[in-house]
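Student: need a structure here:
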Amino acid sequence: MLLHEYLTRSARLTPDKVALVCGQVRSTYGDLAAAAGSFAGFLVGQGLRKGDRVAVYIDSSPETVIAIFGVLQAGGCLVVINPATQAERLGYILENCNAMSLVCGVEKRAQVQQAVASCSVRPITIWTGAGEEGEEGVSFSRIRTEARPSPDIRLVDNDLAAIIYTSGSTGKPKGVTLLHRNLNTAVECIAEYLENNADDVILGVLPLSSSYGLLQVLVTFWTGGRVVLEKGFGYPYEIIKRMKEEKVTGLAGAPTIWAIILRLEGLEKEDFSSLRYITNAAAAMPASFVPRLRKVFPTTKIFLMHGLTECLRTTFLPPDELETRATSVGRGMRNIELWIEDADGQRLGPGHVGEMIVRGSTLMAGYWNDPEGTAKALIPGPLPWEKVLRTRDLFRMDEDGYFHFVARSDELIKSRGEKVSPIEVEDVIYTIDAVNEVRVIGVPDPILGQAIRAEIVLKEGRTLTPQEVKAHCRRFLEDFKVPQAVEFVSSLPKTQGGKIKRSG
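Tutor: Numbering: from 1, shown residues only. Presented below is the predicted three-dimensional model:
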């Protein structure tokens, strides 16, 4: 199935059903389909050809959703850019993907003008927001309200659907190219194990520039449910209130979001009986979070998952396995084959640590304009014509085939001749009640090779000493895993998607 057909099908079946709630705006499937069709017609009229890139650089809003499905319906390639992106990075992405058009908010005028000035070919600028009519370029609101025939573009599921830019090892963003079939396979498999249906109300707080955030919208529209879209998790009490008002049934998050929720007061007294499930991906959830989340959401299923942009989703742990496999992210979802290899490419059995290799139809086509990076990530597979993905994620598989995350290969700390997983040390520190967030990293040391440093954000009003942290770690960890340095900080560096950075 093609991605834009999610919207057109749901609009045909339930045109008057509310599909999207954003602030005070409630949009039906029929409204969204009509606006997306008009936008698609505009793009084709401007000369968009199949596979041409259209960048969307606005906050999560009805306009974002309309643009997403309009681009796909026109046969274009979607490039959603985090609205927090600054001008230099924005300019690099626009130039790298040779964007034909750019949908952007008027409040970002300065960044847009600086970014566009660096492009060898200036994209068509489409403005959203108050005052858009006075901007140089095209008005998005005028496009969406002008009646245009929806284009009839011949597409197949092997056509390019999206480029999602992630941070590369060189500091330059890497464009992960995803085909319709990549995303459609992931959507169908995710909806299957989460048991999504047309009655679901999904709260979207993750940026749509990430595959995790984008999949929330796609899965919901595929099932004909409703999305409650927020611009982030910056006002947690307001979002909790919205969850209850809209009777949200599903919430996707990352450890940083769960850390915010767990420090809110009084949530155990609230009624979250409508919340059927929560999911965690993007980064490993600290084991100590699970029992604390159960107290806040006692009737809610918790799904621990693993994935990365290059293959969208790999594993999920059924909620009934949490009690016995709290450190696992589960087994591979349907249509995915996973195994672990050592540095020489030999498959490893249970109990050994190695790199996860992924085979299946969710794998990216490659990195945009980066054949060298693509060749390192996609390597020959079991069949002569196929490729498999090197994830760079280190895992251990148990006797039952469940995967346990160890570390990113480039984040493993080598201290005293031993290899230390920062996740393992963080999990122990998270069991200290005063700790809100923690980052464990390796820093150069002339004697140890790398010294282990723990950077900790304390809960408000709480105190802790480095000596207490180290003593706690010694009770649960081998001596070589105990941090040599403990620092208390006001915040930790995070990516635009909310993950804690291991560098910087």
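Student: which residue ranges form the strands in the stretch 351-500 of the chain?
Tutor: Under the criterion DSSP state E, counting those that start in this stretch, strands of the stretch 351-500 of the chain are mapped to 353-360, 366-367, 378-380, 387-397, 403-408, 413-415, 418-420, 435-445, 449-458, 485-488.
Student: mind putting those strands into TSV with mean neighbour count, mean pLDDT and distance to Gly131?
Tutor: C-beta here means a position set from N, CA and C on the backbone, and glycine is covered the same way. Shown next, in TSV, are the strands of the stretch 351-500 of the chain (neighbours: other CB atoms under 10 Å; pLDDT from 0 to 100; distance: least, CB to CB, whole Å):
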stretch	mean neighbour count	mean pLDDT	distance to Gly131
strand 353-360	21	97	46
strand 366-367	21	98	37
strand 378-380	14	97	45
strand 387-397	21	95	45
strand 403-408	20	90	44
strand 413-415	19	89	51
strand 418-420	17	85	53
strand 435-445	19	93	39
strand 449-458	19	94	39
strand 485-488	16	96	44
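Student: out of the ones you listed, which comes closest to Gly91?
Tutor: Judged by CB to CB, the one of these that comes nearest to Gly91 is strand 366-367, at 18.8 Å.
Student: name the helices or strands packed onto that closest one?
Tutor: For strand 366-367, the packing partners by 3 or more CB pairs under 8 Å, 6 or more residues apart in numbering; DSSP states H and E come out as strand 173-179, helix 371-377.
Student: how about the last one: buried residues?
Tutor: By 16 or more other CB atoms under 10 Å, the buried positions in helix 371-377 come out as 373-374, 377.
Student: closest to Ala191 among the residues you listed?
Tutor: Ala377 (26.9 Å).
Student: and the gap between the closest one and Leu389?
Tutor: Noted for Ala377: a distance of 6 Å to Leu389, by CB to CB, to the nearest Å.
Student: likewise for Val121?
Tutor: According to CB to CB, Val121 stands 32 Å off from Leu389.
Student: which residues are in contact with both of Ala377 and Leu389?
Tutor: Glu310 (CB atoms under 8 Å, 6 or more residues apart in numbering).
Student: chain neighbours aside, what residue packs nearest to Ser211?
Tutor: Thr309 (4.8 Å; CB to CB, 6 or more residues apart in numbering).
Student: does that neighbour touch Ser167 like I think?
Tutor: No - with contact defined as CB atoms under 8 Å, Thr309 does not reach Ser167; the gap is 10.2 Å.
Student: number of residues surrounding Glu88?
Tutor: When neighbours are counted by other CB atoms under 10 Å, Glu88 registers 12.
Student: element containing the spatially most central residue of the chain?
Tutor: Nearest residue to the geometric centre of the chain (CA atoms, centre = their mean): Tyr212, 3.0 Å. Assigned by DSSP states H and E, Tyr212 belongs to helix 211-223.
Student: check which helices and strands that helix is in contact with.
Tutor: Applying 3+ CB pairs under 8 Å, 6+ apart, one finds that helix 211-223 makes contact with helix 5-13, helix 62-73, strand 160-167, helix 180-194, strand 201-204, strand 226-229, strand 250-253.
Student: run the chain-centre distance for stretch 136-143.
Tutor: In terms of CA atoms, centre = their mean, to the nearest Å, the centre of stretch 136-143 is found 29 Å from the chain centre.
Student: which residues are contacting that stretch?
Tutor: Outside stretch 136-143, the residues that reach it (CB under 8 Å, 6+ apart) are 38-39, 42, 63, 67, 103, 124-128, 132-133.
Student: which parts of it are buried?
Tutor: For stretch 136-143, the neighbour count (16+ other CB under 10 Å) marks 137-140, 143 as buried.
Student: partner strands of the least confident helix or strand in the chain by mean pLDDT, with direction?
Tutor: Least confident helix or strand of the chain, by mean pLDDT, DSSP states H and E, is strand 418-420 with a mean of 85. If you go by DSSP bridges, strand 418-420 pairs up with strand 413-415 (antiparallel).
Student: does Val116 touch Arg109 like I think?
Tutor: No - using CB under 8 Å, Val116 is not in contact with Arg109; the gap is 10.5 Å.
Student: of the two, who's got more company?
Tutor: Counted by other CB under 10 Å, Val116 and Arg109 do not tie: Val116 has more neighbours, with 21 against 16.
Student: thinking again about what came up before, so how far is the least confident helix or strand of the chain off the chain centroid?
Tutor: 29 Å.
Student: give me the contact list for that strand.
Tutor: By CB under 8 Å, 6+ apart, the residues outside strand 418-420 that reach it are 412-414, 442, 452, 480-481.
Student: repeat that for stretch 478-488.
Tutor: 415-416, 418, 420, 424-425, 440, 443, 445, 448, 451-458, 464, 466, 469-470, 473-474.
Student: and what of stretch 271-278?
Tutor: By CB under 8 Å, 6+ apart, the surrounding residues in contact with stretch 271-278 are 194, 200-201, 243-244, 247-253, 293, 296-297, 299-303, 319.
Student: apply 10 Å and report the result again.
Tutor: 194-196, 199-203, 240, 243-244, 246-253, 257-258, 261, 293, 296-304, 319 (CB atoms under 10 Å, 6 or more residues apart in numbering).
Student: can you turn the buried part of these into a PyMOL selection?
Tutor: Buried members of the contacts of stretch 271-278, defined by 16+ other CB under 10 Å, are picked up in PyMOL with:
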select buried, resi 194+196+200+201+202+203+240+243+246+248+249+250+251+252+253+257+258+261+293+296+297+300+301+302+303+304
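Student: Ser356 against Arg331, yeah?
Tutor: Not Ser; residue 356 is Met. No - using CB atoms under 10 Å, Met356 is not in contact with Arg331, being 12.0 Å away.
Student: which residues do these two both contact?
Tutor: 314-315, 338, 397, 403.
Student: could I get the residues you listed as CSV with distance to Arg226?
Tutor: Shown next, in CSV, are the shared contacts of Met356 and Arg331 (distance: CB to CB, whole Å):
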residue, distance to Arg226
Thr314, 28
Thr315, 27
Leu338, 33
Met397, 38
Phe403, 33
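Student: show me which pair in those is furthest apart.
Tutor: Longest span within these, CB to CB: Thr314 and Met397, 12.5 Å.
Student: so what sits against both of those two?
Tutor: Common contacts of Thr314 and Met397 (CB under 10 Å, 6+ apart): 331, 338, 356, 403.
Student: partner residues bridging the last one?
Tutor: Right, the one you point to is Phe403. Counting by DSSP bridges, the residues bridging with Phe403 are Gly330, Met397.
Student: what's the spacing between it and Ser421?
Tutor: Counting by CB to CB, the gap from Phe403 to Ser421 is 14 Å.
Student: between these two, which contacts overlap?
Tutor: Common contacts of Phe403 and Ser421, defined by CB under 10 Å, 6+ apart, comprise Arg396.
Student: now tabulate the shared contacts of Thr314 and Met397 in CSV and tack on distance to His4.
Tutor: Formatted as CSV, those follow (distance: CB to CB, whole Å):
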residue, distance to His4
Arg331, 32
Leu338, 30
Met356, 32
Phe403, 34
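Student: which of those residues lies closest to Gln73?
Tutor: For these, the nearest to Gln73 is Leu338 (33.8 Å; CB to CB).
Student: the closest one falls within a strand, correct?
Tutor: Yes - assigned with DSSP: H, G, I helix; E, B strand; the rest coil, Leu338 falls within a strand.
Student: residues contacting it?
Tutor: Per CB under 10 Å, 6+ apart, neighbours of Leu338: 306, 311, 314-315, 331-332, 356-360, 388, 391, 395, 397, 401, 403.
Student: rerun that using 7 Å as the cut-off
Tutor: Contacts for Leu338 (CB atoms under 7 Å, 6 or more residues apart in numbering) come out as 314, 332, 356-358, 403.
Student: how about the helix or strand containing Val290: buried residues?
Tutor: Assigned by DSSP H and E, Val290 belongs to helix 289-296. Of the residues in helix 289-296, 289-290, 293, 296 count as buried by neighbour count, 16+ other CB under 10 Å.
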